[in-house]
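>>> next comes the sequence, and after it the predicted model I'd like to discuss.
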Amino acid sequence: MVANNPFSNRRMIKNPDDFFGRKDELRTIFSRLSNLQSCDVSGERKIGKSSLLHYIFMKLRDGDEYRVAYIDMQDPKYHTVEGFLKYSLKELGSDPIVISSNSHNENLIAFSDSIADLSNEIKPVLLIDEFGKLTERQEEFNNDFFDAMRSLGYHGNIAYVTASLHSLKWLCTAGNFTSPFYNIFSQVHLGLFSPDETTEFLSAKREGVVFTEKEIEFIKRIAKNHPLHLQIACSHVFENKGKVYDEKELRKDIKEEIKSFGDKWTRKERCIVKYIKYSINDIKEIIKSGLSKK
């Protein structure tokens, strides 16, 4: 019987026992949350942001000090302010019926009152994944929404941990929001594993998994401390057990799969288009300003 491949997962890690590293980042986040202060997690795609948020969710959920909700902004039920407020309250264990189809302002007031009441009993924490999706919907999520969320966080009624490709400051500036929502957050950048974290990942005991020193060195060289690349490299080396060891062919297969998860050039193209758009807008404003002065 061939043992199951423990490195086959390419999605968010949901089992806390399968989560490795990030001790410094977690120490910072949990320290902030203890005082209901917020954190902004940013980093490139597939670096482990969602896994980090879900790990925090699992750890806080098991205690008695916090009431925590994990929200994925890719889920369409959060794509309107009404939906966001209603389902956030539901996930936090508060009555969502207070959010209705009434005015935008009334819903924000009802949400704020519910969170303030909840904070008298327990520490509410909202974990918001793919936060950039929220800032793309500016007609729905406007400055009034961000001001209301900031007020709750600033007064210690709730803490947020957000995860996105870019920092909150970058997202708010790029979206031309005037709300200073981002300035209640501590920034936490998620990058590559440290060499020690890579060693911890490779040396962890897993049933049916034993890598030779030669295989470990090969995995380290090709993965270069990237968590997903480590998972992919380990998966291929594990699957190759019992076969002829052809390092060149193995390297080729690993790099092909790593490449399939990359969107480096797509992201660069999007950024270039966005910067060009803002540059043209800036130029128009400068011209308009100059003409008005004349």
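Looks like it arrived, so ask away.
>>> for residue 129, grab phi and psi.
Main-chain dihedrals, residue 129, degrees, to the nearest 10: phi -90, psi 150.
>>> look up how far residue 57 lies from it.
10 Å (CB to CB, to the nearest Å). C-betas here are computed from N, CA, C, even on glycine.
>>> any common contacting residues for these two?
residue 70 (CB atoms under 8 Å, 6 or more residues apart in numbering).
>>> tell me which stretches of this protein form strands.
For the chain, applying DSSP state E gives strands covering 38-42, 66-72, 123-129, 159-164, 185-189.
>>> tabulate those (TSV), appending mean pLDDT, distance to residue 18 and mean neighbour count.
Putting the strands of the chain into TSV (pLDDT from 0 to 100; distance: least, CB to CB, whole Å; neighbours: other CB atoms under 10 Å) gives the following:
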stretch	mean pLDDT	distance to residue 18	mean neighbour count
strand 38-42	97	19	25
strand 66-72	96	17	20
strand 123-129	97	18	23
strand 159-164	97	18	26
strand 185-189	96	21	17
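>>> in this structure, which spans are helices?
Secondary structure of the chain (DSSP state H): helices at 23-33, 49-61, 81-91, 104-119, 132-135, 143-154, 168-174, 195-203, 213-223, 227-239, 247-260, 264-293.
>>> got those as TSV, with mean neighbour count and distance to residue 4 columns?
Shown next, in TSV, are the helices of the chain (neighbours: other CB atoms under 10 Å; distance: least, CB to CB, whole Å):
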stretch	mean neighbour count	distance to residue 4
helix 23-33	15	28
helix 49-61	21	20
helix 81-91	20	33
helix 104-119	17	42
helix 132-135	20	34
helix 143-154	19	43
helix 168-174	18	40
helix 195-203	15	18
helix 213-223	16	18
helix 227-239	22	10
helix 247-260	14	19
helix 264-293	10	32
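>>> wait, which of the ones you listed is closest to residue 181?
helix 143-154 (4.0 Å; CB to CB).
>>> ok, for residue 170, nearest residue in space, not its chain neighbours?
In space, and not counting its chain neighbours, residue 170 is closest to residue 42: 8.0 Å by CB to CB, 6 or more residues apart in numbering.
>>> confirm for me that that neighbour is in contact with residue 161.
No - counting by CB atoms under 8 Å, residue 42 sits too far from residue 161 to count as a contact (11.6 Å).
>>> overlap in contacts, these two.
With CB under 8 Å, 6+ apart as the test, residue 42 and residue 161 reach no residue in common.
>>> about what we covered before: redo the helices of the chain as JSON lines? Include distance to residue 70 and mean pLDDT.
As requested, the helices of the chain are exported to JSON lines (distance: least, CB to CB, whole Å; pLDDT from 0 to 100):
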{"stretch": "helix 23-33", "distance to residue 70": "14", "mean pLDDT": "97"}
{"stretch": "helix 49-61", "distance to residue 70": "4", "mean pLDDT": "96"}
{"stretch": "helix 81-91", "distance to residue 70": "7", "mean pLDDT": "95"}
{"stretch": "helix 104-119", "distance to residue 70": "17", "mean pLDDT": "95"}
{"stretch": "helix 132-135", "distance to residue 70": "15", "mean pLDDT": "93"}
{"stretch": "helix 143-154", "distance to residue 70": "17", "mean pLDDT": "96"}
{"stretch": "helix 168-174", "distance to residue 70": "18", "mean pLDDT": "92"}
{"stretch": "helix 195-203", "distance to residue 70": "23", "mean pLDDT": "95"}
{"stretch": "helix 213-223", "distance to residue 70": "28", "mean pLDDT": "95"}
{"stretch": "helix 227-239", "distance to residue 70": "20", "mean pLDDT": "95"}
{"stretch": "helix 247-260", "distance to residue 70": "27", "mean pLDDT": "92"}
{"stretch": "helix 264-293", "distance to residue 70": "25", "mean pLDDT": "47"}
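>>> for residue 72, which of those is the nearest?
Of those, nearest to residue 72 by CB to CB is helix 49-61, at 7.9 Å.
>>> hmm, back to that, okay, the helices of the chain in TSV with distance to residue 180 next?
Listed next are the helices of the chain as TSV, based on distance: least, CB to CB, whole Å:
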stretch	distance to residue 180
helix 23-33	18
helix 49-61	23
helix 81-91	19
helix 104-119	17
helix 132-135	14
helix 143-154	7
helix 168-174	8
helix 195-203	34
helix 213-223	40
helix 227-239	33
helix 247-260	39
helix 264-293	20
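>>> of all the ones you listed, which one is nearest residue 17?
helix 49-61 (10.2 Å).
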